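>>> Fold the following.
(2 chains)
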Amino acid sequence: MTTARPAAFFRLEGTLVARPTLAAAAWLAANAWRVRERVVRLGATAAALPLAFGPLQDHALANRVAWAGLRGVSADRLHVLGEEYAERFLCGATDPAAARLLRECGEQGFVTVLVTDNLDVVARPVADHLGIDVLVSNRLELREGRATGRLADPVLGAHLDGAWARRLAEEHGLDLRSSRAYGAREADSVLLGAVGNPCTVHPDRRLRRIARQLDWPIVEA
Amino acid sequence: MGSIRQTLAGAHVLLTGVTGFLGKVWLSHVLWDLPEIGRVTVIVRDRDGQSARERVEAALDTSPAFRPLRARHGDAWAAWASARIEVLAGDCAAPLCGLTEAEVARLARSADAVLHCAGLTDFEPEPAQAIACNVRAAEHAADLAACLRVPRLIQVSTCYVAGNGSREVPEALEHGTSPAGEPFDPEVELAALEEAAAEATPRDRVEAGAARARTLGWPNLYTFSKALAEHRLGARHDVAALVVRPSVIECAWRYPFAGWNEGLNTAGPLAWLLSSPFRGLWARPSNRFDVVPVDLVARGLTLALTAALNGAAGEVWQLGSSTRNPFTFERAIELNGLAYRKYTRDRTNALDGFLRHLDPLPAPASKGVGTVPWLARMARRVERAVGGPDPERLLPPALRRYLAPPVRTAQERAHASVKGARRMLGRVDRMLELYRPFTHDNDWGFRTDHVAAATAALDEAERVTFGFDVEGLDWRSYWVDIEYPGLRTWTFPLLHGRDAPCDPPSDPPLRLEAPAARAEEVA
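Numbers count the residues shown, from 1 in each chain, chains lettered A, B, ... in the order given. The predicted structure is shown next:
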C-alpha cells in the first residue's frame, strides 16, 4: 500500500493571477473565426456577468453560460488561442508572493495542484509554465472537432466543496490533513477548510474576515 | 512482404532526382535508418557550371536534409558516405539516363532496382519540358531498369494523375480512358503535346499544353504528363514497374527534423498568400487537402522498394492522408490563420496587428469581400478614379499654373502604384486559378491500401522506423508547430526572391572519394 502524499492546492484566479475566468471567455469569444460571430459570442459572455456578480452569485451557472458562447468554435482555435491567452495574460502576470509559495511547496515535496474554473486549454499552458503536478480545470465538450458549448461534468465553479477535495485526494493518493491550500476569495474558503494547513493570499474582504476568525495565515506581498 | 532490413541489406539502388526535395530526404532517411544498405548510385546532371559530383557533395555537405547524418558521423561523414554513395553524371532526359554503355554494363551486374524520383513539378511547364522530364525520363529510367539482372523500377508519380472528378481514387491505372471519359491513347496524346510544343511563343505553347490537359480531364499539364508516363510504363513488359503516387508533399514531420522543406511545393504559396492581406481563398471548406509529410513519403518509398525487391510488380501505391486521416481545407485555412497569429505575435506594425485579428476564410470562387477578384475589382475602380480626372480642367485657372504640375506628379505616382497592385493581383488570380482544381473543384480521397498493408506486415521495431503511420499525424500540431514555421523558414524566403538558408560548409568542404579509388574497391 502506498503512503498518501501531502499536496499544495493553489487556486488560479485571485491567488496566482488577478484575471477572472470570464475574461478568458470574453477574449476567446472576441477572437472567433468570423467577425460577425464575435458579436454574438460576446453577447453570451455578457449574459454571464449578472449571474457571477449579481445577487445570485452562481459561478458554476455563470461559467456554463459564458462558455456556451463558444458553441461551434473549433478545438483547433480553442487550443491555439487558449495557449496565446495564457502566455499573453496569465503566465507573465503571476503574483510574486503566490509564485514563491508555489515554488517552496514544490521544493518541499508537496504535490502541487492547480485548481481553476477556467478551461483546460487556457490552464494547461499556465500549469506547464508553473511546473504544476496536477491540474484541475473545466473542459468543453467536443463533437467532431467543435465545442458543443457545454462544459463536461463535473463543472468547477468558484465554490469547491470538501467532497470534491476528498474525491481528488483519493484519486491522486493525497493526504488532506497534511496538505496545504492557498486561496484569495471567499469562495475558496471551503477548499481551505478541507485541508490541514490553509493559507490566504491577498484575501478579499470576506475571506480575510473568515481567516481572522479561524486563525488562518494571511500572506500579503 | 519480408523484413525491410533483411531485404535491403547489401542492396544496390540506382536513384534519380537526388538533388530534389524528395530524393534528398529519401537518401538521407535510408542512410540514417538503413546503414546496412549496400550502395546508392545517384544519377545527377551537371548544372550551372557544377559537375554532378560537386552538386551531390554540396548537398551532402550543406543541405539540412543530411544534418542528422553529419552530426552522427562527424569528421568521418565524407568517408562513410563515399562507401555508400556513388555519383554518376547523367541526364534522365537522355537515353539510358545519359549513362555510358560501360557504366550501364557495370551497374547491370550489381544493381537491384531503379528508383526514379526525378521529375518536373511545375503546374504549367512548357510541353517540351514536360515531355522530356516527366514522360521520356520515366521511359529512360525504365530502359535502364530493363538492363538490370532483375529489371525493377519504382516510378514516382503523383496521386493527381487521377484527374478531375470528386471520388474515391483506387490504386490502379485506368487504361484507355481519360478522366473526362474520353478514349485515351498515350501515343496520340504525346504527338499532340509535341505539336503544342511547336507553337511559336512560350505563352502559346504553355496554353496549348494546358488546354489539352484540361480537355482530357486533368487539372494541368504536370498531372497529365505524369499520367502519360504511367500509361507508357503500364504498356511495357520488359520491366517490373511499381508506381508510387504521393499526394501533396510537405514539410518533414520527424526526419531529418520537424519542419524541413525545400522549394515552393504546393502549400507554400497558399500559406504565404493567406499571410498577406488576402483574406479569402477559393476553396470548398469540406474538400480534403491531401497533405503528406516528406519523411512519410520517404518511408512509403522504402516500403515500395522492399515490396518490389520481394517480387511486387505492376502495382500502384498511393501515399496520401485523405482516406485515413482526412484534413479539410476549412481546417487548413483556419489553422493557417492561427499559425500566422502565433508567429507574428511579437510584431508591432499596424498591418500585422490588423491581419492577426481578421482570419482568412474559405471563399466561394469569384465572390466575397477580401477575395482576389474582389480586390482586383476594387483596384480597377481606384485606378480609374485616380487616372481619370485631369487637374488642368478641374483646377481654377488662377491655380493651374502652381498646382497642376505637383498634382499631376502625385496622380501619376498613385496611378502607377495602383496599376502595379492590380498587375500583382492578376498574377495572384492566375495562381489561384491553377490551384482551383485542388482547392475548390475536386474532393479526392486517395486509397492507400498497399502502403497500409505493407506497414501492418512489419514487425513492431520496423513499424516504428519505416511504417507509413499517417493516422498518427495530429493536424493541429503538424500545421501550427511544424508546417507553418517550416514554410516561414524554408519557403517564404524563396517567394520574396531570397535564398533559403542552408548549413555552413565543412572545412575543408566535403569531397567524396575519387572514382579511381572506388573502381579499385569495386574490383
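>>> Contact partners for B:D352?
Going by Cβ atoms under 8 Å, 6 or more residues apart in numbering or on different chains, B:D352 touches B:T344. The way it works is simple: take the backbone N, C-alpha and C, and place the C-beta from them, glycine included.
>>> For it, pull up the helix or strand it's in.
Secondary structure assignment for B:D352, by DSSP states H and E: helix B:350-356.
>>> how far out from the middle of the chain is that helix?
31 Å (Cα atoms, centre = their mean, to the nearest Å).
>>> what do you get for stretch B:417-436?
Remark: stretch B:417-436 is offset 22 Å from the chain centroid, using Cα atoms, centre = their mean.
>>> Next: stretch B:201-210.
Its chain's C-alpha centre and that of stretch B:201-210 lie 22 Å apart, by Cα atoms, centre = their mean.
>>> quick one: which helix or strand includes the residue of chain A found nearest chain B?
Relative to chain B, the nearest point of chain A is A:V80 (4.2 Å; Cβ to the nearest Cβ). Assigned by DSSP H and E, A:V80 belongs to helix A:75-85.
>>> show me the biggest helix of chain B in terms of residues.
Counting residues, the longest helix in chain B under DSSP state H turns out to be helix B:397-436.
>>> Quick check: which helices or strands does that helix pack against?
Applying 3 or more Cβ pairs under 8 Å, 6 or more residues apart in numbering or on different chains; DSSP states H and E, we find helix B:397-436 packed against helix B:267-273, strand B:280-282, helix B:372-387, helix B:391-394.
>>> Tell me which of those lies nearest to chain A.
Nearest of the helices and strands packed on helix B:397-436 (Cβ to the nearest Cβ): strand B:280-282, 11.5 Å.
>>> so which of the helices and strands packed on helix B:397-436 gets nearest B:G20?
helix B:267-273 (15.0 Å; Cβ to Cβ).
>>> can you dump the C-alpha coordinates of whatever helix or strand B:T306 lives in into CSV?
Using DSSP H and E, B:T306 sits within helix B:294-309. Output of helix B:294-309 as CSV, limited to C-alpha atoms (Å, rounded to 0.1, in the frame of the first residue of the first chain):
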residue,chain,number,x,y,z
VAL,B,294,8.0,14.3,-47.0
ASP,B,295,9.5,11.9,-44.5
LEU,B,296,6.4,9.7,-44.6
VAL,B,297,6.7,9.7,-48.4
ALA,B,298,10.3,8.6,-48.0
ARG,B,299,9.1,5.7,-45.7
GLY,B,300,6.5,4.8,-48.3
LEU,B,301,9.2,4.7,-51.0
THR,B,302,11.3,2.4,-48.9
LEU,B,303,8.3,0.1,-48.3
ALA,B,304,7.5,0.1,-52.0
LEU,B,305,11.2,-0.6,-52.8
THR,B,306,11.1,-3.6,-50.4
ALA,B,307,7.9,-4.8,-51.9
ALA,B,308,9.5,-4.5,-55.4
LEU,B,309,12.6,-6.4,-54.4
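>>> Flag every buried residue along stretch B:173-191.
Using 16 or more other Cβ atoms under 10 Å in any protein chain shown as the test for burial, stretch B:173-191 gives B:173-174, B:178-179, B:184, B:186, B:189-190.
>>> Okay, strands next: where are they in chain A?
Remark: strands assigned in chain A by DSSP state E are A:5-11, A:111-119, A:134-138, A:140-143, A:146-151, A:174-183, A:197-201, A:218-219.
>>> Repeat that for the stretch 151-300 of chain B.
Assigned by DSSP state E, counting those that start in this stretch, the stretch 151-300 of chain B shows strands spanning B:152-156, B:167-169, B:240-246, B:248-250, B:280-282, B:291-293.
>>> Which of those strands comes out lowest on mean pLDDT?
For the strands of the stretch 151-300 of chain B, mean pLDDT drops lowest on strand B:280-282, to a mean of 84.
>>> Each with direction, which strands does the very next helix or strand once past the helix holding B:D352 pair with?
Per DSSP H and E, helix B:350-356 leads on to strand B:361-363 as the next helix or strand towards the C-terminus. Paired neighbours of strand B:361-363 in the sheet (DSSP bridges): strand B:280-282 (parallel).
>>> Other residues contacting the strand it pairs with?
Identification of contacts with strand B:280-282 by Cβ under 8 Å, 6+ apart yields B:270, B:273-274, B:329, B:333, B:360-365, B:368-372, B:374, B:432, B:435-436, B:439-440.
>>> and the helix ranked longest in chain A with strand A:146-151, angle?
Across chain A, the longest stretch assigned as helix under DSSP H is helix A:35-53. Interaxial angle, helix A:35-53 versus strand A:146-151 (axes from the mean of the first three to the mean of the last three Cα atoms, to 10 degrees): 10 degrees.
>>> so for stretch A:53-70, what's the average pLDDT?
82.
>>> Briefly note if it comes near chain B.
No - judged by Cβ under 8 Å from any Cβ of the partner chain, stretch A:53-70 makes no contact with chain B; its nearest approach is 14.6 Å.
>>> who touches that stretch?
Stretch A:53-70 is touched from outside by A:21-22, A:25-26, A:28-29, A:40-45, A:47-52, A:78, A:117, A:119, A:138, A:140, A:147, A:149-151, A:155-159, A:187, with contacts defined as Cβ under 8 Å, 6+ apart.
>>> show me which of those residues neighbour chain B.
Within the contacts of stretch A:53-70, nothing lies near chain B by Cβ under 8 Å from any Cβ.
>>> distance from the centroid: which residue in chain B tops it?
Most distant residue from the mean C-alpha position of chain B: B:A398, 63.5 Å away (Cα atoms, centre = their mean).
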